[in-house]
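Visitor: fold the stuff below for me.
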Amino acid sequence: MTRVIVVASGKGGVGKTTLAANIAVALAMLGKRVAVLDADIVMANLEIIMGLKNPPVALIDVLQNKLSIEDVMFEGPRGVKLIPAGITLNGFNEENMEMLKAALKEVPRDIEILVVDAPAGRDAAMVMDAGQEVLIVTSPEVSSVSDALKMKILAERMGAKVIGGVMNMVENTPQEVKVHEVEATLDVNVICKIPYDKNVKKALHYETPFVIKYPRSKSSQEVMKLAAGLIGKRYSPKYSLLSRFKEIFSI
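Guide: Reported below is the predicted structural model:
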């Protein structure tokens with residue numbers, strides 16, 4: 001049975017989609033057969049981060065009962081199967097929510113882990129279901145943490161299991177909310193703290209996941225550790241001279 005990990009946030013702008021893409025790729029780099037699905041059918045961005053250009057079909061075709069989930073899977077970086085969202089301005093409704101939940105159960109059995117990039121805010125609850133695991137992404141700001149708490153409550157109401165919090169874009173300034181404060185607010189462990197890293201934006205420019213483009217960066221190291229932890233492994237970085245050369249010269 002495919003394990004489903006939903007990456008969610010209470011608000012936009014916290015780097016949720018970028019993290020979902022990189023977590024999926026990191027899991028694949030650790031030997032797992034992985035698919036990543038963009039469930040944001042209003043503001044889809046995952047395909048850009050993964051370097052997929054203008055896919056002819058997408059998740060929206062599945063929700064409209066035109067195609068199966070296998071018909072809209074594309075080959076992504078490091079062998080990750082990418083399911084782009086497509087776009088509809090109507091957003092989620094009860095009908096396509098049920099279609100999505102049914103489609104998730106049709107993901108090919110050889111996929112070990114399906115990472116779902118949930119839409120920000122209340123629509124995220126539309127893609128959650130019992131048996132799924134949820135990572136709550138927040139930035140170290142009071143408003144973001146407050147919205148993360150609302151998302152946690154919504155996830156639990158849908159029967160999903162929140163397995164941890166991820167603090168993103170951390171600069172360690174005095175004004176930022178600290179790890180212990182986030183844990184006290186959410187009543188969940190912060191299992192990953194990712195520093196602010198200019199390489200993340202640089203990788204976006206190249207439409208390449210940062211764990212591939214800049215594997216030695218601090219953000220990449222933390223995401224690799226997170227991915228390893230999700231599958232019960234410890235991450236030990238290994239670098240070659242060739243990978244270092246590629247990183248220096250942005251090949």
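
Visitor: in a strand, that's where Ile136 is, yeah?
Guide: Yes - according to DSSP: H, G, I helix; E, B strand; the rest coil, Ile136 belongs to a strand.

Visitor: identify the bridge partners of it.
Guide: Ala8, Gly165 (DSSP bridges).

Visitor: next, count neighbours for it.
Guide: 29 (other Cβ atoms under 10 Å). The C-beta positions use only the backbone N, C-alpha and C, and glycine is treated the same way.

Visitor: how about Asp38?
Guide: Other residues close to Asp38 by other Cβ under 10 Å number 28.

Visitor: so what's the gap between the longest helix along the chain and the chain middle?
Guide: Criterion DSSP state H: the longest helix present in the chain is helix 142-157. Its chain's C-alpha centre and that of helix 142-157 lie 17 Å apart, by Cα atoms, centre = their mean, to the nearest Å.

Visitor: show me where the stretch 51-200 of the chain has helices.
Guide: For the stretch 51-200 of the chain, the helices defined by DSSP state H, counting those that start in this stretch cover 59-63, 94-104, 142-157, 179-186, 198-205.

Visitor: enumerate every residue touching the nearest residue to Met167 once chain neighbours are set aside.
Guide: Ranked by Cβ to Cβ, 6 or more residues apart in numbering and with sequence neighbours excluded, the top spatial neighbour of Met167 is Lys193, at 4.7 Å. The neighbours of Lys193, taking Cβ atoms under 8 Å, 6 or more residues apart in numbering as the test, are Val166, Met167, Val170, Val179, Glu222.

Visitor: read off the pLDDT value for Gln64.
Guide: The model reports Gln64 with a pLDDT of 87.

Visitor: okay, the helices of the stretch 51-200 of the chain, which one's buried deepest?
Guide: Most buried of the helices of the stretch 51-200 of the chain, by mean neighbour count (mean count of other Cβ atoms under 10 Å): helix 59-63, with a mean of 22.

Visitor: what's stretch 96-116 in contact with?
Guide: By Cβ under 8 Å, 6+ apart, stretch 96-116 touches 1-7, 20, 23-24, 27, 32-37, 39, 41, 59, 62-65, 68-70, 73, 81, 92, 126-127, 129, 132, 231.

Visitor: which SS class is the residue sitting nearest the centre point of the chain?
Guide: Central residue of the chain (Cα atoms, centre = their mean): Ala20, 1.5 Å from the mean position. Three-state call for Ala20 (three-state DSSP): helix.

Visitor: ok, it touching Pro119?
Guide: No - using Cβ atoms under 8 Å, Ala20 is not in contact with Pro119, being 11.4 Å away.

Visitor: next up, the contacts around the closest residue to Glu171 other than its chain neighbours.
Guide: Distances taken as Cβ to Cβ, 6+ apart place Tyr196 nearest to Glu171, at 4.7 Å, with adjacent residues excluded. Applying Cβ under 8 Å, 6+ apart to Tyr196 gives the contacts Met169, Val170, Glu171.

Visitor: also Leu19?
Guide: Taking Cβ under 8 Å, 6+ apart as the test, what Leu19 contacts is Val7, Val137, Val166, Asn168, Ile194, Val223.

Visitor: so how far is His180 from the residue nearest to Met167?
Guide: Separation of Lys193 from His180 (Cβ to Cβ, to the nearest Å): 12 Å.

Visitor: and if you look at Thr18?
Guide: 25 Å.

Visitor: low-scoring stretches of the chain, by residue?
Guide: Low-confidence segments of the chain (pLDDT under 70): 88-94, 239-251.

Visitor: for it, just list every one of the strands.
Guide: 3-9, 34-38, 74-75, 81-83, 113-117, 133-138, 161-170, 190-195 (DSSP state E).

Visitor: these into CSV, with extra columns for distance to Asn45?
Guide: Conversion of the strands of the chain to CSV gives the following (distance: least, Cβ to Cβ, whole Å):
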stretch, distance to Asn45
strand 3-9, 13
strand 34-38, 7
strand 74-75, 15
strand 81-83, 12
strand 113-117, 8
strand 133-138, 14
strand 161-170, 15
strand 190-195, 18
